[in-house]
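Asker: Just to be clear, the model below is a prediction. Sequence and coordinates:
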Amino acid sequence: MSDDSVTIVVPEPHFTLFNGQRDDLPEVVVVNDALLSFEHTEMFSWHLEVTLHAVELVDNGMPSPDESLLLFQMGDKIEQSIVGHNGIFLARSTWNGFRQLAFRVHDPEVADPTLQALLESEQNRFWEFKMQHDAEWREAGFYFQLFQLASGNNS
């Protein structure tokens, strides 16, 4: 190990569930609240948003139980390819026929080809992703503000 190596300890994930509404439709959001106190945000300066398109929907645009299981399986496969040395799971949202997965990424040049290869492999549902540089974690702020809204803090 060289003298200029740094070891970053990523906190064990801990999840908070939010049941809410967006555009008068139900939304279920799970946020990795361990990242609220993560001190090395500069190491994961890229925001990755993956959107899975659900097909079998029930009331209010939510996926059927079988569809939800399929989306979880696809999401787990995507998560396994990102999380670890190159990415951190941030949040999952289910709303209006979509399952969105949010990650923080260290190196986009590692994540992009991995995701492209997954896109080219056989998938049961259409999905897409976008990754953007976000050194200030502004994109994560949408998820983090849920904690203030849930506690009634408007500051």
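Answerer: That came through fine.
Asker: residues of the lengthiest helix in the chain that come out buried?
Answerer: Ranked by residue count and defined by DSSP state H, the top helix of the chain is helix 65-82. For helix 65-82, the neighbour count (16 or more other CB atoms under 10 Å) marks Glu67, Ser68, Leu70, Leu71, Met74, Gly75, Ile78, Glu79, Ser81, Ile82 as buried. For glycine as for every other residue, the C-beta is placed from the backbone atoms N, C-alpha and C.
Asker: what residues does the helix or strand following it touch?
Answerer: Using DSSP states H and E, the helix or strand that follows helix 65-82 in sequence is strand 87-95. Identification of contacts with strand 87-95 by CB atoms under 8 Å, 6 or more residues apart in numbering yields 10, 13, 22, 25-32, 35, 38, 44, 48, 61-63, 68, 71, 75, 79, 82-83, 99-106, 111, 140, 143.
Asker: got the angle between strand 87-95 and helix 65-82?
Answerer: Per axes from the mean of the first three to the mean of the last three CA atoms, to 10 degrees, the angle that strand 87-95 makes with helix 65-82 is 160 degrees.
Asker: next one: the longest helix of the chain to chain centre, how far?
Answerer: From the chain centre to the centre of helix 65-82 is a distance of 12 Å (CA atoms, centre = their mean, to the nearest Å).
Asker: what packs against that helix?
Answerer: If contacts are counted by 3 or more CB pairs under 8 Å, 6 or more residues apart in numbering; DSSP states H and E, helix 65-82 sits against strand 46-53, strand 87-95, strand 98-105, helix 108-120.
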